[in-house]
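> My questions concern the predicted model and sequence given below.
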Amino acid sequence: MSEQHKSNLSVIEQEAIAWIQKLASGHASADDIAGADRWRTQDAEHSKAYADAERVWERMSVIGRVKYGDDANFLGPLQEYGRRRAVMTRRAVLGAGVASIGAATIYGAMRPPLGLWPSLSEMRADFRTGTGEQRTIAFADDVEIALNTQTSLAVWPPTDTEDRIELVSGEAAFATLKRVSRTLAVFAADGKILSQSSRFEIRCTGGNNRVSVTCLEGQLRVESAARVAELKAGQRFSYEGSDVSAIDAVDPQAVSEWRRGIVTFHNTPLAEAVEEMNRYRPGRIILRGDALGRRLLSGRFRTDQMEQALVQIEYTFKSRVTRYPGGIVVLS
């Protein structure tokens, strides 16, 4: 990384890049992995810097490999981009620093374009479910957590008053109804959810940092970068950096349908529906054509029978379905 790029990054951002580089080098030891986890779980600022560095690493390495080849060095193209823009945001500068490492070094350690294997953070999580898998775990003796498909949780060191865990990605339901003296703190992207006696669900999917928090019973406190929200049963709040939603009313039964093995689409753009289907189905469904992606899908399907959804899509939209080995399906 050039000195010019370093000067635009905070110390924490530089350290996050260094940890990602070490873990993706192929030479990381068990001590290195443990050290990265200790660094990442110090607080929300370290966790966010780590997630930002990893996310930019993954995206830029995929784009650069396709555009510039295996031996590409992305620093040149990004510097040219920087000259065309008068001002680069901090996130863009972070991307330049991370992306200056060659794609060949990183590619095997991150998520490929089709999303066929988990990212570094997901692979190093303490608890993880695979595609189509759901499981329930006990945490800190009196907390029950149900993990939906493709969900990763990382345990953080506890404090004097909090048991702490991070939703790295995916969707999970938490029950803390027996808690009295200690608080459960769940970190998700750049926010924090606090609970003592409640049932709630958190969702963070789709390859971005959009987090949706739903209170099913009791009360919750959600601390995001832009706002603190107090939730009661039947309320939902979403955040992504400084972008937050209003607190809206939801049907708790509908929110929790995944726990009964059901996924429902109601006038859902097909592009969004396909992304949800890919969470439950081995392989990958690839959608070709923006017009097709904007078509609206409605239906109620079992999560273990996504092939029925494909049949409905084929007949409803008169689309062409082409199947390839490994569960790859192209809709056009």
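Received it, and whenever you're ready, just let me know what you need. Residues are numbered from 1 along each chain as shown.
> mind listing what the closest residue to residue 241 other than its chain neighbours touches?
Nearest residue to residue 241, sequence neighbours excluded (CB to CB, 6 or more residues apart in numbering): residue 225, at 5.7 Å. Every residue, glycine included, has its C-beta placed from N, CA and C. Counting by CB atoms under 8 Å, 6 or more residues apart in numbering, residue 225 makes contact with 190-191, 239, 241-242.
> Wait, residue 309 touches residue 300, no?
No: counting by CB atoms under 8 Å, residue 309 does not reach residue 300; the two are 9.8 Å apart.
> So which of these two has more stuff around it?
Shown here are residue 309 and residue 300; by other CB atoms under 10 Å, residue 309 has more neighbours (24 against 11).
> Burial check on the closest residue to residue 226 other than its chain neighbours, number of neighbours?
In space, and not counting its chain neighbours, residue 226 is closest to residue 242: 4.5 Å by CB to CB, 6+ apart. Using other CB under 10 Å, residue 242 has 10 neighbouring residues.
> hang on, the residue nearest to residue 241 is in a helix, isn't it?
No: checked against DSSP: H, G, I helix; E, B strand; the rest coil, residue 225 lies outside a helix; its state is coil.
> Model confidence for it, exactly?
Note for residue 225: predicted pLDDT of 87.
> In the stretch 1-150 of the chain, where is pLDDT below threshold?
Scanning the stretch 1-150 of the chain for pLDDT under 70 picks out the ranges 1-8, 24-30, 56-124.
> swap the cut-off to 90 and go again
1-38, 40-126, 140-142 (pLDDT under 90).
> cool, and the stretch 151-300 of the chain?
Counting by pLDDT under 90, the stretch 151-300 of the chain contains low-confidence ranges at 177-182, 190, 196, 205-209, 225-226, 241-242, 252-254, 282-284, 286-290.
> Helices along that one, start to end?
252-255, 270-280, 290-294 (DSSP state H, counting those that start in this stretch).
> right, and these - which one's nearest residue 52?
For the helices of the stretch 151-300 of the chain, distance to residue 52 was read as CB to CB. The smallest value, 21.9 Å, belongs to helix 270-280.
> what comes up buried for that closest one?
Within helix 270-280, the residues scored as buried using 16 or more other CB atoms under 10 Å are 270, 273-280.
> and what of stretch 169-180?
Neighbour counts using 16+ other CB under 10 Å place 169-176, 179 of stretch 169-180 among the buried residues.
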